[in-house]
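1. Requesting a structural model of the entry that follows:
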Amino acid sequence: MNFARVVVTPMRSVRTFATAQKIKVPLTLFGLDGRYATALFTAASKTNQLDAVEGELTKLKQVIDKSDKIQFFLENPTLNREQKKNGIDLLLGEKKVTEVTKNFFSLLAENGRLNQTSKIINSFNSLMMAHRGEVLVTVTSAKALKPAQLKQLQDSLTKGSLAGSKKLTVENKVNPTILGGLVIEFGEKTIDMSVSSKVAKLNKMLTDSI
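-> Numbers count the residues shown, from 1 in each chain. Here you go, the predicted structure:
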């Protein structure tokens, strides 16, 4: 693909990253990370490389999450754009990645937006889930749930009226402050069955009755 040159402002650069052919984006995202993720989705769509780019971003995110040094490099504001570009070229050079991914991260480096990498990857994942007709369900628990428990919960939600015809992907987050129970976030809906929520309601009842 012939990518346009980086121009004066970051947002114009994002728009010129993937021009011409009209691509239907399955989800409207906002914010800086949303706009960059949408540009990447559009560019990958034009070369039929959505799955390949998704896989590359997933592996890259795993590397970032495991390395404090890489996180510091991406977020360090004292490094100039040339240093950032050389660093990201070195990081991606260790792996075989598509030109779409390579050019996109060069764009981030030149625009000084590498500190948004993790957020952009998360936003791109949201676009891919919408592209496949999937819906993310976030289940927060005081302790990590076992795979069998997550599977049972996913089956129950799939059979319920909330899912409809959509495929659910269940993600478990751990937050000890909820004490016990579950908090289920499904799109714009939240089902709070946590112990902390019940305690808060009980405290409110007791306070209101005094």
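
2. At the geometric centre of this protein, which residue do we find?
-> Residue closest to the average C-alpha location in the chain (Cα atoms, centre = their mean): residue 122, at 0.9 Å.

3. Contact partners for that one?
-> Going by Cβ atoms under 8 Å, 6 or more residues apart in numbering, residue 122 touches residue 33. C-betas here are computed from N, CA, C, even on glycine.

4. Reduced to three states, what does it come out as?
-> Assigned with DSSP: H, G, I helix; E, B strand; the rest coil, residue 122 falls in the helix class.

5. For the helix or strand harbouring residue 201, buried residues please.
-> Secondary structure from DSSP states H and E places residue 201 in helix 195-209. Neighbour counts using 16 or more other Cβ atoms under 10 Å place residue 196 of helix 195-209 among the buried residues.

6. Following element in sequence after the one helix or strand in the chain whose mean pLDDT sits lowest, please.
-> In the chain, no helix or strand scores lower on mean pLDDT, DSSP states H and E than helix 10-17, which sits at a mean of 60. Sequence-wise, the next helix or strand downstream of helix 10-17 (DSSP H and E) is helix 31-46.

7. where does the protein have low pLDDT?
-> By pLDDT under 70, the low-scoring segments of the chain are 1-21, 94, 160-165, 187, 206, 209-210.

8. Can you list the residue ranges for helices in it?
-> Using DSSP state H, the helices found in the chain span residues 10-17, 31-46, 50-66, 68-75, 81-93, 99-110, 117-131, 147-159, 195-209.

9. and residue 24, which of those helices is closest to it?
-> Nearest of those to residue 24, taken as Cβ to Cβ: helix 31-46 at 8.6 Å.

10. what packs against the closest one?
-> helix 10-17, helix 50-66, helix 99-110, helix 117-131 (3 or more Cβ pairs under 8 Å, 6 or more residues apart in numbering; DSSP states H and E).

11. May I see the ones you listed arranged in TSV, with distance to residue 198 as well?
-> Formatted as TSV, the helices and strands packed on helix 31-46 follow (distance: least, Cβ to Cβ, whole Å):
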stretch	distance to residue 198
helix 10-17	45
helix 50-66	33
helix 99-110	44
helix 117-131	31
